[in-house]
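# generate coordinates for the sequence data below:
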Amino acid sequence: MAFTVATYNIQFGIGLDGAYDLERIVDAVKDADIIALQEVTRGFIRNEGRDMVAEIQALMPDRFAVHHMPADVDCGSAVEDGVAVNRRFQFGNMILSRWPILSARGHLLPRSMRTASLNLQRGALEALIATPSGPFRFYSVHLDHIDPQERLNQIAALKEIAFAVPHTGMAVTGLSEYGFPELPHAEDFVLLGDFNMEPDLAEYRDMLSETGPLVDVTATDSGWSWVDPDDRERVKRLDYGFATQGFADHVTKAHVDQSAEGSDHMPVWIHLGA
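From the prediction side, this is the model:
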């Protein structure tokens, strides 16, 4: 059985026309079996404080979902009529799947102090899913958008986390103590998301270096995946899928849906055979 994976930076729901429209975002990827999303927010001023996690789950009720919000700050919490009301700005990643998500956890990626421009805590959301081609780990990733050295540090940490899993385990091990089966072994994985780098940069070369070799399974379609809303001629390739060879062996093709209008990024699709 073949299946599809899509990764999509959804820019807090705001499209190329400047309007918030989560339905068109979901419509663009609803046929994918596994979906990795970035720039999912709650309580963000740019989209009137929408709870995107809840809205996405409501629009895709037939999908299993997990999320991780590595950036989480207060944005106006107060005691009102004797009740503590939490108002928080949260920014992170999400994974949705046609099949149950057997294990999930969020990883924090390195960051340095930067005050002249926005520096959000970045993260990678890990999900173990038993697909028709076997169990794989899927990561929804979003790297820093400004500092190349910060991205290099994040890439090194990300690869160390992902390649160490066969030795460190995932979210839990020893489940047999409580009568549950152990999680399936999944040595192979794919890193999906917005890496904020182009293929000619050092960060891209580090991702594919011999220290933890990975394959760019989206290189079969080198089309751009980001467009400047104010200058449609200005485009970049920023979104990828980097996989172990065992995952890459199942990939049959990849493409970028450049017709999408729901974000400044485009959905990147990966097609796999059984």
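# quick one: the helices in the stretch 51-200 of the chain?
Taking DSSP state H, counting those that start in this stretch as the criterion, the stretch 51-200 of the chain contains helices spanning 52-59, 148-168.
# could those be laid out in a markdown table, adding distance to P181 and mean neighbour count?
Just so you know, the C-beta spots here come from the backbone N, C-alpha and C atoms, and that holds for glycine as well. Output for those, formatted as a markdown table (distance: least, CB to CB, whole Å; neighbours: other CB atoms under 10 Å):
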| stretch | distance to P181 | mean neighbour count |
| --- | --- | --- |
| helix 52-59 | 27 | 17 |
| helix 148-168 | 18 | 17 |
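# I129: which of these is closest?
Nearest to I129 among these is helix 148-168; the distance by CB to CB comes to 13.9 Å.
# elements contacting the closest one?
strand 101-108, strand 123-131, strand 134-142, strand 189-194, helix 202-207 (3 or more CB pairs under 8 Å, 6 or more residues apart in numbering; DSSP states H and E).
# ok, the second one: who's next to it in the sheet?
Strand 123-131 sits in its sheet next to strand 101-108 (antiparallel), strand 134-142 (antiparallel), going by DSSP bridges.
# most tightly surrounded among those?
The highest average neighbour count among the strands paired with strand 123-131, using mean count of other CB atoms under 10 Å, belongs to strand 134-142 at a mean of 24.
# show the contacting residues for N9.
For N9, the contact set (CB atoms under 8 Å, 6 or more residues apart in numbering) comprises 37-39, 142, 193-194, 226, 238-239, 263-265.
# among those, which are in strands?
37-39, 142, 193-194, 226, 239 (DSSP state E).
# does G92 touch G123 like I think?
Yes: counting by CB atoms under 8 Å, G123 is a contact partner of G92 at 6.0 Å.
# quick one: average confidence on stretch 189-198?
Averaging pLDDT along stretch 189-198 yields 98.
# and for stretch 232-248?
Mean pLDDT, stretch 232-248: 97.
# and if you look at stretch 175-183?
Stretch 175-183 shows a mean pLDDT of 94.
# next: stretch 26-40.
98.
# widest-spaced pair of the ones in strands among the contacts of N9?
The largest separation in these, counting by CB to CB, is between L37 and W226 at 15.3 Å.
# and these two? Which one has more around it.
The neighbour count for L37 versus W226, taken as other CB atoms under 10 Å, is higher for L37 (31 against 20).
# list the residues that contact that one.
Applying CB under 8 Å, 6+ apart, one finds that L37 lies in contact with 7-10, 56, 93-96, 140.
# ok, what's across the strand from it?
Bridge pairing for L37 - DSSP bridges - gives Y8, M94.
# would you check how far apart it and H250 are?
22 Å (CB to CB, to the nearest Å).
# could you double-check that Y139 sits in contact with E126?
Yes: here Y139 lies in contact with E126, judged by CB under 8 Å, at a distance of 5.4 Å.
# now for these two: what residues contact both?
A162.
# among the helices and strands packed on helix 148-168, which is nearest A162?
It's strand 189-194; of these, that one is closest to A162 (CB to CB) at 5.4 Å.
# now for the closest one, which elements pack on it?
strand 3-9, strand 34-42, strand 134-142, helix 148-168, strand 239-243.
# and the pLDDT for S222?
68.
# turn the helices and strands packed on helix 148-168 into TSV, columns for distance to D51.
TSV is the format used below for these (distance: least, CB to CB, whole Å):
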stretch	distance to D51
strand 101-108	18
strand 123-131	17
strand 134-142	18
strand 189-194	21
helix 202-207	32
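# quick one: closest of those to G18.
strand 189-194 (19.7 Å).
# now tell me what touches that closest one from outside.
Under CB under 8 Å, 6+ apart, the answer for strand 189-194 is 5, 7, 9, 36, 38-39, 93, 124, 136-143, 158, 162, 165, 214, 217, 238-244, 247, 265, 268, 270.
# do that again at 7 Å, thanks
By CB atoms under 7 Å, 6 or more residues apart in numbering, the surrounding residues in contact with strand 189-194 are 5, 7, 9, 36, 38, 136-142, 158, 162, 217, 238-239, 241-244, 247, 265.
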